[in-house]
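> How does the following fold in three dimensions:
(one chain, ligands or ions: 2)
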Amino acid sequence: MNRTTTGIHGLDSLLNGGFVQGSTILLSGCSGSGKTIFGLQFLHHGATELDEAGVFVTLESRPNEIRQEALQFGWNLEELEKEKKLILIDAASSKAGLPTSESYTLRRGFDVSALAEEIYRAVHDISAKRLVLDSISGLGIRFDQPVEVRNAVFTISALLRELEITALFVSEIVHRDALSLAGVEQYIAQGLITLNLLQNNNSLERSLTIWKMRGSAHSLKCHKLQIDDTGIRVS
Ligand SMILES: Nc1ncnc2c1ncn2[C@@H]1O[C@H](COP(=O)(O)OP(=O)(O)OP(=O)(O)O)[C@@H](O)[C@H]1O
Ligand SMILES: [Mg+2]
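Ligands and ions are numbered 1, 2, ... in the order given. Sure, this is the predicted structure:
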């Protein structure tokens, strides 16, 4: 199986070399746990170090907020967009009913099949090899209806598999004991990683856990995770 490095410092050795190319990984964690930064680092690494173009689908934050968030780590997304190494799909504006000047967006309002079409167009335009969808919680489906969640996520992940894209699906943990919303990961993802932010005495501690990586040996430990101005580091 071909592997592709993640760009997250310290993570590839825990994954037996990186993500399996073309696989879908669910990245789950609470608010502020580092999911968006992880996704941006993965795409920036692919675009700058590996000649793997990437697509970032934003369902909650508007694209300029994402560009801004990346810049604090020195990741200039605008430059990568100009070089056709990255496309941001603005699915947030249509969901919020706001106008947008972005080139990749859903003009006729939000629905899952329109999003799948735009993903197809973006991936095709720059021959993308990586994709981040941030987040599936923003797909606008009722998460108390597992079948709806499964169908929506299944549509998109089937498309990505056909396109042979290595994909990260970001998902928020709402309940302390739930690994991800609605247990979607059981159905679609080949891998599951959680980013944890747990209270220990008087402070919060960050960690990363790999729960599953089909077809791959991986670490089963809880690894310390740090965020600094170079991005995420796992040890
Ligand atoms: N330059 C930095 N140095 C250290 N930590 C940082 C830096 N920038 C951001 N952080 C930390 O990263 C957190 C935000 O990470 P991120 O946006 O990836 O979270 P998230 O999991 O996507 O959250 P949400 O679910 O709310 O979108 C901040 O709350 C902060 O704790
Ligand atoms: Mg986020």
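> Let me know the average pLDDT across the host helix or strand of Tyr120.
Per DSSP states H and E, Tyr120 falls inside helix 112-126. Across helix 112-126, the average pLDDT comes to 94.
> State the paired neighbours of the helix or strand following that helix in the sheet, together with their directions.
Next along the chain after helix 112-126, taking DSSP H and E as the criterion, comes strand 130-134. With DSSP bridges as the test, strand 130-134 is paired with strand 54-58 (parallel), strand 166-172 (parallel).
> Turn those strands into TSV, including mean pLDDT.
TSV is the format used below for the strands paired with strand 130-134 (pLDDT from 0 to 100):
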stretch	mean pLDDT
strand 54-58	98
strand 166-172	92
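> Doesn't His45 lie inside a strand?
No. Under DSSP: H, G, I helix; E, B strand; the rest coil, His45 sits outside any strand and is assigned helix.
> My guess is it contacts His9. True?
No. In this structure, His45 is not within contact of His9 by C-beta atoms under 8 Å, at 9.8 Å. In this view, the C-beta of every residue, glycine as well, is placed from N, C-alpha and C.
> From the neighbour counts alone, determine which of these two ranks first.
His45 (21 against 15; other C-beta atoms under 10 Å).
> Excluding sequence neighbours, find me the nearest residue to the more buried one.
Gly7 (2.3 Å; C-beta to C-beta, 6 or more residues apart in numbering).
> pretty sure the one you found is touching Ala47, no?
No. With contact defined as C-beta under 8 Å, Gly7 does not count as touching Ala47 (9.6 Å).
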